[in-house]
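Colleague: Predicted model and sequence below, questions to follow.
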2 protein chains.
Amino acid sequence: MKKVITLSRQFCSGGSTIGRKLSQTLSIPCYDSSLLDKIAEKSGFDSEYIREEGEYSKGILSMILSHGTGELSNQEKLWVIQHNIISKLGTTEDCIIVGRCADYILKEKADCLNIFIHADMDFRKERLLASNADIEPDKCVRFLKKKDKARAAHYNYFTDQGWGDAKNYHLTLDAGKFGIEKCVEIISSLYKKG
Amino acid sequence: MKKVITLSRQFCSGGSTIGRKLSQTLSIPCYDSSLLDKIAEKSGFDSEYIREEGEYSKGILSMILSHGTGELSNQEKLWVIQHNIISKLGTTEDCIIVGRCADYILKEKADCLNIFIHADMDFRKERLLASNADIEPDKCVRFLKKKDKARAAHYNYFTDQGWGDAKNYHLTLDAGKFGIEKCVEIISSLYKKG
């Protein structure tokens, strides 16, 4: 079985940065959201739609309404495509996969180290402001909470597990408390040992 | 502020053992459930009652029924006593406190490193059978799930937070995946650094 690190994370908690740094430290590829979206685009979905719906359940209502009709909603079709992409990546090579329910999809298919990264609001707000010049400082907390809710709804719907529930991960880390570098150090040490 | 490790844990996940080993490694005292119970006994509560109700919400119904009467239920009285004991310990010396909502009680009162330990059912079942000769092997899973539910109910009632929700802890570890020694190594390294 391939050795895969799955990185779930709160928005702007530093999870993607940790993924990139782990990739350098461990010399294995890191598939983050933007890379996975590019692959999914080949299936004909619009890039904007994938970015909005690939990890956020804004379309839960349309999914519920489509039940009973026998039709798959667009979000469910996208799920099937992402499921196939992640299953293929995780059974082909040792790698890191950020987000997209990879921990759930690769259960039994790869030798996974499942991680969840979170951080306090101040830490996340600072990262959000640094990466997004358009957002007003007093809108940050509301924006981050909304992102968390949509990610949780997406994860819970498709996996029937709780997003951020410690029991679903081998390790969860507060990146605000420990800092990015220490998180990378701990995860890479556990990956090398496992 | 005193530096305190709070260790929340699933029953038989190895949390108490990790606490004892950390105590040796870091040369600071570890207050586990039995020690905290002994202190609480001085307040006049029966030792059996403390063991059953100090961390498990079997008495939620009596608490709910007592609301509106202005009277504190026995479980609420015990909570106040445990709250005072843990507040005093965590503001007097660097230490480790196992269970009893210490992470919540010491918020803002101590420089806490909040940890949650969990493990898969096989790992926990083995530890349960080794520590309890009376239990039949085919009753273990039901027994462990019941313990989890009662601990979660107790924690959620008194703290208004989610037991085992990654966001409430700086670090959560799967002791079944990594083993007791590795957990002790990671926690003590983070404690020394912080």
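Modeller: In hand now; what should we look at?

Colleague: contacts and neighbour counts: CA atoms only from here.
Modeller: OK.

Colleague: need the residues of chain A near chain B, please.
Modeller: A:116, A:118-119, A:164-167, A:169-174, A:177, A:186, A:190 (Cα under 8 Å from any Cα of the partner chain).

Colleague: ok, of the residues you listed, which come out buried?
Modeller: Using 16 or more other Cα atoms under 10 Å in any protein chain shown as the burial test, these include A:116, A:118-119, A:164-167, A:169-174, A:177 as buried.

Colleague: quick one: contacts of stretch A:112-132?
Modeller: Residues outside stretch A:112-132 that contact it (Cα atoms under 8 Å, 6 or more residues apart in numbering or on different chains) are A:3-15, A:103, A:106, A:135, A:137, A:140-141, A:144, A:164, A:168-177, A:191, B:166-167.

Colleague: low-scoring stretches of chain A, by residue?
Modeller: A:38, A:40, A:45, A:49-50, A:53, A:57-71 (pLDDT under 70).

Colleague: Can you give me every residue that contacts the residue most central in space within chain A?
Modeller: The residue lying closest to the centre of chain A (Cα atoms, centre = their mean) is A:Gly99, at 1.3 Å. By Cα under 8 Å, 6+ apart, A:Gly99 lies in contact with A:6-9, A:32-33, A:55.

Colleague: closest to chain B among the residues you listed?
Modeller: Nearest to chain B among the contacts of A:Gly99 is A:Arg9, at 10.7 Å by Cα to the nearest Cα.

Colleague: The helix or strand containing A:Tyr191 vs helix B:180-193, what angle?
Modeller: Applying DSSP states H and E as the criterion places A:Tyr191 in helix A:180-193. If you take axes from the mean of the first three to the mean of the last three Cα atoms, to 10 degrees, helix A:180-193 sits at 160 degrees to helix B:180-193.

Colleague: With A:Asp174 as the reference, measure out to A:Lys192.
Modeller: Using Cα to Cα, to the nearest Å, we find A:Lys192 at a distance of 21 Å from A:Asp174.

Colleague: Equivalent analysis for A:Asp160, please.
Modeller: From A:Asp160 over to A:Asp174 the distance is 24 Å, taken as Cα to Cα.

Colleague: Which residues belonging to stretch A:77-97 are considered buried?
Modeller: Those would be A:78-79, A:81-83, A:86-87, A:89-91, A:94-97, for stretch A:77-97 by 16+ other Cα under 10 Å.

Colleague: scratch that, stretch A:6-21 is what I was asking about
Modeller: Here stretch A:6-21 shows A:6-16, A:18-21 as buried, counting by 16+ other Cα under 10 Å.

Colleague: quick one: which of those residues sit in strands?
Modeller: By the criterion of DSSP state E, membership of the buried residues of stretch A:6-21 in strands covers A:6-9.

Colleague: quick one: the helices in chain A?
Modeller: Assigned by DSSP state H, the helices in chain A fall at A:15-26, A:33-41, A:47-53, A:60-66, A:74-92, A:102-105, A:121-131, A:140-159, A:175-178, A:180-193.

Colleague: what's in contact with the last one?
Modeller: Outside of helix A:180-193, the residues that reach it under the criterion Cα under 8 Å, 6+ apart are A:5, A:14, A:17-18, A:21-22, A:25-26, A:113, A:173, A:175, B:178, B:186.
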